[in-house]
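Engineer: heads up, no residue letters with this:
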């Protein structure tokens, strides 16, 4: 039964809760000097953003988890898998919080080292991978949990076939979780960019999930989307608050974890192509720089800075990326139907 009422309620309530919580959080963050300090190697005009409160992702996390779990429980679509997703979102948000806290204390952008982040991502990714190994591929029907695919299989779109990975499903999930949490983190470089792109991607995935009667993922995705929209009330240009790694790590893990539970990793990769483009630009830039001993392909990476340094205002870059996301969501929808 495709009842979209819980999805709509989760979205609307999450919007309101996120907007209110963010508004209340900003004075607290200012008072305790949890502020953003831009990197010296970034665009020079970003220096004016120094001192803008960060860690706004706390509001996104709270709105998503509370709204998602409560609405799912009310409509009897709360599953063990969804609880696992919520716990994982909190865990990855903790990585971002530790990073943001270090930045706030030191008043620079060093934070946790790349190695420290990666170790924590692997640990939490492994924990979620084990949970997914036993609970992914389920849905609620007639009040009972039913299975639509093998827990350790992945779905290949277009071919419309499941491939059984067995124990290798665990490293696959770890890779997806690490890749998306880092990619969303890299996307969070302009006012409203990560929140607007993620709002659209999560909304698309919510509608897709409900259309497939995977109601638990649909509700959680709707809560994610709503939390991003509510946060945008304060995060649009010029941003009054940034989500920080606390928010970007949480969002990346949440959208990836839900996709894994509903066997839609490849569909998420298409809809969220902007994330791949952002992280891919960094990988290409670093590899080319090392290979050519100092030459660059892009003016600056992640690629949103490439457009900025080319003379495009950041608001236009955000609009461009949101437009591209809408196009890729439409493509993803088409692919899911083939």
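Structural biologist: Structure received. Fair warning: this is a prediction, and the values are worked out from it, not measured in the lab.

Engineer: do a quick rundown of the helices in this structure.
Structural biologist: 5-31, 57-74, 80-106, 114-135, 169-187, 193-211, 215-235, 244-261, 265-271, 273-291, 303-309, 314-337 (DSSP state H).

Engineer: how long is stretch 50-63 end to end?
Structural biologist: Taking Cα to Cα, to the nearest Å, stretch 50-63 runs 27 Å from one end to the other.

Engineer: swap that for stretch 147-160, please
Structural biologist: 17 Å.

Engineer: so for that stretch, what gets flagged as buried?
Structural biologist: 149-155, 157 (16 or more other Cβ atoms under 10 Å). Just so you know, the C-beta spots here come from the backbone N, C-alpha and C atoms, and that holds for glycine as well.

Engineer: which of those lies closest to residue 131?
Structural biologist: Checking the buried residues of stretch 147-160 against residue 131 by Cβ to Cβ gives residue 151 as the nearest, at 10.0 Å.

Engineer: quick one: the closest one from residue 134, how far?
Structural biologist: Note on residue 151: its distance to residue 134, by Cβ to Cβ, to the nearest Å, is 6 Å.

Engineer: surely residue 318 and residue 232 touch.
Structural biologist: No: at 10.4 Å, residue 318 and residue 232 do not qualify as touching, with contact defined as Cβ atoms under 8 Å.

Engineer: between those two, which one's more packed in?
Structural biologist: The neighbour count for residue 318 versus residue 232, taken as other Cβ atoms under 10 Å, is higher for residue 318 (22 against 19).

Engineer: report the contact partners of the closest residue to the more buried one other than its chain neighbours.
Structural biologist: Nearest residue to residue 318, sequence neighbours excluded (Cβ to Cβ, 6 or more residues apart in numbering): residue 193, at 5.0 Å. Listed by Cβ atoms under 8 Å, 6 or more residues apart in numbering, the contact partners of residue 193 are 187, 304, 314, 317-318, 321.

Engineer: circling back to that earlier point, reformat the helices of the chain as TSV; add distance to residue 145 and mean pLDDT.
Structural biologist: Listed next are those as TSV, based on distance: least, Cβ to Cβ, whole Å; pLDDT from 0 to 100:
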stretch	distance to residue 145	mean pLDDT
helix 5-31	17	96
helix 57-74	13	98
helix 80-106	8	92
helix 114-135	9	96
helix 169-187	19	98
helix 193-211	15	97
helix 215-235	9	97
helix 244-261	12	97
helix 265-271	21	98
helix 273-291	30	96
helix 303-309	41	95
helix 314-337	23	97
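
Engineer: nearest to residue 51, of those?
Structural biologist: helix 5-31 (8.8 Å).

Engineer: just to revisit the earlier point, tell me which of the helices of the chain sits most buried.
Structural biologist: Of all the helices of the chain, helix 244-261 has the most neighbours on average by mean count of other Cβ atoms under 10 Å, namely a mean of 30.

Engineer: by how many degrees do it and helix 5-31 diverge?
Structural biologist: 160 degrees (axes from the mean of the first three to the mean of the last three Cα atoms, to 10 degrees).

Engineer: quick one: list the elements packing against helix 244-261.
Structural biologist: helix 57-74, helix 80-106, helix 114-135, helix 169-187, helix 193-211, helix 215-235, helix 265-271 (3 or more Cβ pairs under 8 Å, 6 or more residues apart in numbering; DSSP states H and E).

Engineer: if we can go back for a sec, using a markdown table, lay out the buried residues of stretch 147-160 together with distance to residue 254 and pLDDT.
Structural biologist: Shown next, in a markdown table, are those (distance: Cβ to Cβ, whole Å; pLDDT from 0 to 100):
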| residue | distance to residue 254 | pLDDT |
| --- | --- | --- |
| 149 | 21 | 90 |
| 150 | 24 | 93 |
| 151 | 20 | 94 |
| 152 | 22 | 96 |
| 153 | 22 | 97 |
| 154 | 19 | 97 |
| 155 | 20 | 97 |
| 157 | 21 | 96 |
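
Engineer: could you dump those to TSV with distance to residue 260?
Structural biologist: Shown next, in TSV, are the buried residues of stretch 147-160 (distance: Cβ to Cβ, whole Å):
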residue	distance to residue 260
149	12
150	13
151	11
152	11
153	11
154	9
155	11
157	15
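
Engineer: which one of those sits closest to residue 34?
Structural biologist: For the buried residues of stretch 147-160, the nearest to residue 34 is residue 154 (39.2 Å; Cβ to Cβ).

Engineer: ok, and the closest non-adjacent residue to the closest one?
Structural biologist: Residue 154 sits nearest to residue 163 (Cβ to Cβ, 6+ apart), 5.6 Å away.

Engineer: one more: residue 155?
Structural biologist: Using Cβ to Cβ, 6+ apart, the closest residue to residue 155 is residue 263 (4.3 Å).

Engineer: hmm, residue 150 and the one you found touching each other?
Structural biologist: No: applying Cβ under 8 Å, one finds residue 263 not in contact with residue 150, separated by 9.2 Å.

Engineer: give the residues shared as contacts by the two.
Structural biologist: With Cβ under 8 Å, 6+ apart, residue 263 and residue 150 have common neighbours 137, 162.

Engineer: residue contacts, the closest residue to residue 279 other than its chain neighbours?
Structural biologist: Closest residue to residue 279 apart from its sequence neighbours, by Cβ to Cβ, 6+ apart: residue 183 at 4.1 Å. Residues in contact with residue 183 (Cβ under 8 Å, 6+ apart) are 252, 272, 275-276, 278-279.
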